[in-house]
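*Asks:* Got a predicted structure here, sequence first:
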Amino acid sequence: MNLNATLFAQLAVFLVLALFTMKFVWPPLMKALDERAERIANGLAAADRGKADLAAAEKRVQAELASARDEGQSRIADAEKRAAMIIEDAKKTAAEEAARIVATARAEAEQQVTRVREELRGQVAALAVQGAEQILKREVNAEAHAALLSQLSTEL
């Protein structure tokens, strides 16, 4: 009976230990395991949210970069159009100024031609008067008149 009593004592100790473990050790241990599993699940969920947030942020960054690139190209195109307009305006202004300068130069040239003609007429008239005066002072002679006329033509 000694063997049965030892077995019975061992069985009793085991049952007491099992009951003690189930009552006092097992619930905090399970609670700790559950808390740890929950923390791991929360950490994994946070990591997934972080990945999703990162992907969303990357998409927003790409969208912003594309928008900025498009806006920059639009501004460059606008600037090129504005530059072309300025160049065209400058060409038009230059052409108008050149036409005005040419017109002014032509008008001045015509005035000078007119003034020179008037001076030349005055000189021709004076020479004609001098020639007539010289012709009248001399006797009427065809040869003398021819010499005077040739002299007048060289003076003109």
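*Replies:* Thanks, I have it.
*Asks:* By mean pLDDT, which helix or strand of the chain comes out lowest?
*Replies:* helix 142-155 (a mean of 65; mean pLDDT, DSSP states H and E).
*Asks:* from the middle of its chain, how far away would whichever strand or helix holds Ala68 be?
*Replies:* Using DSSP states H and E, Ala68 sits in helix 26-137. Once both centres are worked out by CA atoms, centre = their mean, to the nearest Å, helix 26-137 turns out to sit 7 Å from its chain's centre.
*Asks:* can you check stretch 3-13 too?
*Replies:* That offset, for stretch 3-13, works out to 97 Å (CA atoms, centre = their mean).
*Asks:* How about stretch 19-32?
*Replies:* Stretch 19-32 sits 75 Å away from the centroid of its parent chain (CA atoms, centre = their mean).
*Asks:* Quick check: end-to-end length of it?
*Replies:* 19 Å (CA to CA, to the nearest Å).
*Asks:* same check, this time on stretch 12-29
*Replies:* Stretch 12-29 has an end-to-end distance of 23 Å (CA to CA).
*Asks:* Which positions in that stretch come out as buried?
*Replies:* The neighbour-count check on stretch 12-29 (16 or more other CB atoms under 10 Å) flags nothing as buried. All C-beta spots, glycine's among them, are computed from the backbone N, C-alpha and C.
*Asks:* what sits up against it?
*Replies:* For stretch 12-29, contacts defined as CB atoms under 8 Å, 6 or more residues apart in numbering pick out no residues.
*Asks:* Show the contacting residues for Val61.
*Replies:* Per CB under 8 Å, 6+ apart, neighbours of Val61: none.
*Asks:* just to revisit the earlier point, tell me the average confidence for the helix holding Ala68?
*Replies:* Mean pLDDT, helix 26-137: 88.
*Asks:* where's Ala45 relative to Arg36, distance?
*Replies:* Going from Ala45 to Arg36 by CB to CB, to the nearest Å gives 15 Å.
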